[in-house]
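Trainee: Sequence plus predicted model, see below.
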Amino acid sequence: MSDAKRDLRSAMRRIRAAVPDREARTQRLWDAVVASLPSSRFAGLHVLAFVGVASEPDTASLLQMLGQRGAVVHVPRVEGEVMVAVRCDHDTTLEVGAYGIPSPVGPPTDAHIIDLVIVPGLAFTRDGQRLGQGGGYYDRYLPLLRPDCVTIGVCFDEQIVPAVPGEAHDQRVSLVITDGVQQ
């Protein structure tokens, strides 16, 4: 890992932790994500969305909104060096998984059925470059998806940066959506 990535990760963790009005801004973010898709698109749409922890946006309301609109919701689970998607309904058991992240119990979902991925990150550029936590799980998972799968990076406005130090294995997202609050 480059020093530039390490330094940017450290700075972005501090910035994200200091975001004011987190609850209201998180809801604006999820409203923007849902509004980005036509309502007719939700029925049967297979969506992989993360479980927000620490200073990440809380995804509980997003997962609920997606399920209420008819989407089939999946969340990630780390298995060794790889991330898998697991279907997650309102009655799915979540256990504390890798890195203390709540993870679903159940069989992995074939990556080829996923239609949309909501991707977390510490920083994004407007054109889809992403700086993650450093484990490379999304960088290894995203290439497994169908070419027509849409990947949406989500963050607070403060997490938009002009550039992200990149490496050959880094994966871009299709679209970046923020909470729309001006910096």
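Mentor: Received the coordinates, thanks. The structure displayed is predicted, hence computed values, not measured ones.
Trainee: What ranges in the protein fall below the confidence cut-off?
Mentor: Applying pLDDT under 70 to the chain flags the ranges 1, 39-40, 181-183.
Trainee: Can you check which strand is longest in it?
Mentor: Across the chain, the longest stretch assigned as strand under DSSP state E is strand 72-79.
Trainee: And it, what's buried?
Mentor: Buried residues in strand 72-79, defined by neighbour count with 16 or more other C-beta atoms under 10 Å: 72-77. All C-beta spots, glycine's among them, are computed from the backbone N, C-alpha and C.
Trainee: hang on, residue 180 packs against residue 155?
Mentor: No - applying C-beta atoms under 8 Å as the test, residue 180 and residue 155 come out as separate, 11.3 Å apart.
Trainee: who has more neighbours, those two?
Mentor: residue 155 (25 against 12; other C-beta atoms under 10 Å).
Trainee: Next, the contact list for that one, please.
Mentor: The neighbourhood of residue 155, defined by C-beta atoms under 8 Å, 6 or more residues apart in numbering, consists of 16, 29, 57, 120-121, 123-124, 176, 178.
Trainee: CSV for those residues, including secondary structure and neighbour count?
Mentor: Shown next, in CSV, are those (DSSP: H, G, I helix; E, B strand; the rest coil; neighbours: other C-beta atoms under 10 Å):
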residue, secondary structure, neighbour count
16, helix, 20
29, helix, 24
57, coil, 26
120, coil, 21
121, coil, 22
123, strand, 25
124, strand, 26
176, strand, 22
178, strand, 21
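Trainee: At the geometric centre of the protein, which residue do we find?
Mentor: Here the mean C-alpha position of the chain is nearest to the C-alpha of residue 119 (C-alpha atoms, centre = their mean), at a distance of 2.3 Å.
Trainee: for that residue, phi and psi?
Mentor: Residue 119 adopts backbone torsions of phi -110, psi 130, taken as degrees, to the nearest 10.
Trainee: Let me know how buried residue 36 is, in neighbour terms.
Mentor: The number of residues packed around residue 36, counting by other C-beta under 10 Å, is 13.
Trainee: just the helices in this protein please.
Mentor: Counting by DSSP state H, the chain has helices at residues 3-17, 22-35, 60-68, 137-141.
Trainee: Let me know how buried residue 6 is, in neighbour terms.
Mentor: Neighbour count of residue 6, defined by other C-beta under 10 Å: 12.
Trainee: How much space separates it from residue 122?
Mentor: Distance of residue 6 to residue 122, given as C-beta to C-beta, to the nearest Å: 11 Å.
Trainee: buried residues in stretch 95-112?
Mentor: 97, 101, 103-104, 108-109, 111.
Trainee: For that stretch, give me every contacting residue.
Mentor: By C-beta under 8 Å, 6+ apart, stretch 95-112 touches 46, 51, 53, 74-79, 84-88, 92-94, 135, 141, 144-146.
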